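**Student:** Here you go, sequence then predicted model.
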Amino acid sequence: MSAPLLSVRDLTVTFDTRRGPFEAVRGVSFDVGRERVGIVGESGSGKSMTGRAILGLVRPPGRVGASRLTFDGTELPGLPERQMRTIRGRRISMVMQDPRYSLNPVMTVGRQIAEALRVHGRPSRAEIRKRSLDMLAEVQIRDPERVLTAYPHELSGGMGQRVMIAMMLVTQPELLIADEPTSALDVTVQLEVLRILDDLVRRRGMGLIFISHDLRLVSTFCDRVLVMYRGRIVEEIKASLLHQAQHPYTQGLLNCLPRIGGGHEALPTLQRQDAWNDA
Amino acid sequence: MTPADIENPRGPRRARFGSSGLPRVMKRAAGFVFSLAITLFGLLLVTFLIARVVPLDPVLAVVGDRATQAQYEAAREAMGLDRPLPVQFVEYVGDVVTGDLGRSNLTSRPVTEDIRRAFPATLELATLATIIGVMLGIPAGVIGAVNQGRWPDHIIRVVGLLGYSMPVFWLGLVALLIFYGQLGWTAGPGRLDVSEQFTYELEVARRTGSVIIDSALSGAWDVFRNALAHVVLPAGVLGYFSMAYISRMTRSFMLEQLGQEYVTAARVKGVPEWRVVWVHALGNAMVPLITVIVLSYAGLLEGSVLTETVFAWPGLGLYITQALFAADFNAVLGGTLVIGAMFIVLNLLSDILYTIVDPRAR
């Protein structure tokens, strides 16, 4: 493994509520190099919050703490907003879940992609146009010229998510956080969008943090898997060795998956134990 | 390519370059004219019936208490009130269609002429007030939403709450007392000083009916300055109320938009926060805001009777109120009709603005 691009130690995300502080992420540590790391867990396990904390996007009343949170040697917390913005979007980017909500409905696709380029430099109009069209072609949109002038509601879900990927990758970031990038999509287009994403990540040699609740998807798609439970990483395992998972929670997640050709017996209910809270 | 990649039939190409472009515009125009006709007819019917049902006698208002029975009957016949109600109504609608709103008993001028004088005054005041309300209310609402729960938000909310809860006539009187009576910074009630009124009547060409615009167009700068000095207080008072409403709605729409995922996506891209707020979130908040602004404008156009009374502003609200007290039903009906038409026109305006702001409405 190459030198870690991102290094996280003891990351916490705390929300002050009326009933005292609530820790959504409780001391998470991991490194990501130019590799594909999956984070899995059920909803509320803190996986999305981890991704947003890295980008400095946890809004008050949320608080982020970490003994180390470095990207390419730069400590991210406490970085002035102006410098954080040169990292956000330019070097670390994020693909979000549902293109219906994550694309601005009153802006054309072209303007939204151009904006990503414009905030990180002063490219000429011709350059913006060329890079936008090339990027749309890279995510296999057939008629990029037309899509450039389209509004998000005029796109199908699969197209919308490819536009989202294009918008977030057009600046050539080194690390991509994909937060449930296919969960909102039709099953028929999920694989296709994944293939496009996978292809881009490999060709550009980017680091990828793939956040998903779908253990099987993550295991086929990533090199390493981090399993999160109630704000902690309970197990870290190579994707290829997933069937050898030790932790009962991971085993539980695996057992919940239905198998084609499997029996018709009811799937087991996922077991949760308070003892794992501090695993 | 999978089936999902085949553009959906409502894709951009068809929506924008399709052959259905022109007929759609015409269909909309036809629909507009139709709804205008239906609405105005309904409005006429209701107002007409109310006018005939209220225990006010327009004949008595004309002839006075001391008239003999014969004089009374003669006047009643002359006003056409002796005929059956449906006949009266049909006749009235016929007149309205040909642009005749009848004659006002109070001013003994044709109602159309009266309205031509009163309406521009109201239009001028309402437009200025709405401009003030929008220019101050939207930024105030945005700043409040961005600083939710902190002191700028509290200040803006208190200022807005005062605007909500203070009676307009009281605020108008206090404003007159302070800025006109004590400080002498502004002019008093009315649209012009008496001396300027002469200049206006004699030298200024009536192009729009707005004293401010007409005097500026004619180069009568003394009249222009005087008109501004007169309009600033009533427009300020009404603008304050409009601002209170618009800022409150802006704040709540902005809070909703700022929680949306596309706002986070913009931040992920590294977009500066001012742009996230004022371009991304406000751009989307403008969609519902248009209705709010247009409705508030329509409310002001109805003629703010109280404000017009306090400031002796010869607008539509004052005209209709005075006509009502004098049982001058032609004037009341005519004025109501104008207000109804105004509402429909503003609805159309808000539809047009929608399609500009929201691509989904196109």
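**Tutor:** Right, received. Where do you want to start?

**Student:** and the stretch 251-362 of chain B, which residues reach chain A?
**Tutor:** The stretch 251-362 of chain B has residues B:260-262, B:264-273, B:275, B:280, B:283-284, B:287, B:357-360 near chain A, with proximity defined as CB under 8 Å from any CB of the partner chain. All C-beta atoms are positioned from the backbone trio N, CA, C, and that covers glycine.

**Student:** Put the buried members of those residues into a ChimeraX selection.
**Tutor:** One line in ChimeraX is enough to select the buried members of those, burial here meaning 16 or more other CB atoms under 10 Å in any protein chain shown:
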select /B:260,261,262,264,265,266,267,268,269,270,271,275,280,283,284,287,357,358,359
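
**Student:** can you give me the offset of stretch B:159-166 from its chain's centre?
**Tutor:** 21 Å (CA atoms, centre = their mean, to the nearest Å).

**Student:** Residues contacting it, please?
**Tutor:** B:140, B:240, B:241, B:243, B:244, B:245, B:247, B:248 (CB atoms under 8 Å, 6 or more residues apart in numbering or on different chains).

**Student:** Which of the three states applies to the third one?
**Tutor:** What that stands for is residue B:241. helix (DSSP: H, G, I helix; E, B strand; the rest coil).

**Student:** count of residues packed around it?
**Tutor:** 23 (other CB atoms under 10 Å in any protein chain shown).

**Student:** Likewise for the first one?
**Tutor:** Residue neighbour count, defined by other CB under 10 Å, stands at 24 for residue B:140.

**Student:** can you tell me how far it sits from chain A?
**Tutor:** Look at residue B:140 and chain A: by CB to the nearest CB, to the nearest Å, they are 22 Å apart.

**Student:** same question, residue B:148
**Tutor:** 10 Å.

**Student:** Next, that residue: phi, psi?
**Tutor:** Phi and psi for residue B:148, reported as degrees, to the nearest 10, are phi -50, psi 120.

**Student:** For it, give me its contacts.
**Tutor:** Taking CB under 8 Å, 6+ apart, one finds residue B:255 in contact with residue B:148.

**Student:** now residue B:96
**Tutor:** B:44, B:337.

**Student:** buried set for the helix of greatest length in chain A?
**Tutor:** When every helix of chain A is counted residue by residue (DSSP state H), the longest turns out to be helix A:187-204. For helix A:187-204, the buried set under the neighbour-count rule, 16+ other CB under 10 Å, comprises A:189, A:190, A:192, A:193, A:194, A:196, A:197, A:198, A:200, A:201.

**Student:** which among those are in contact with chain B?
**Tutor:** Restricting these to those touching chain B (CB under 8 Å from any CB) yields A:189, A:192.

**Student:** Now render the buried residues of helix A:187-204 as TSV, adding pLDDT and distance to residue B:133.
**Tutor:** Shown next, in TSV, are those (pLDDT from 0 to 100; distance: CB to CB, whole Å):
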residue	pLDDT	distance to residue B:133
A:189	85	47
A:190	85	49
A:192	86	50
A:193	88	46
A:194	87	50
A:196	88	49
A:197	88	48
A:198	88	53
A:200	90	49
A:201	88	51
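
**Student:** Going by distance to residue A:33, which of the buried residues of helix A:187-204 wins?
**Tutor:** residue A:201 (12.6 Å; CB to CB).

**Student:** I'd say that closest one and residue A:36 touch.
**Tutor:** Yes - with contact defined as CB atoms under 8 Å, residue A:201 reaches residue A:36; the gap is 6.5 Å.

**Student:** hey, what's in contact with both of the two?
**Tutor:** residue A:208.
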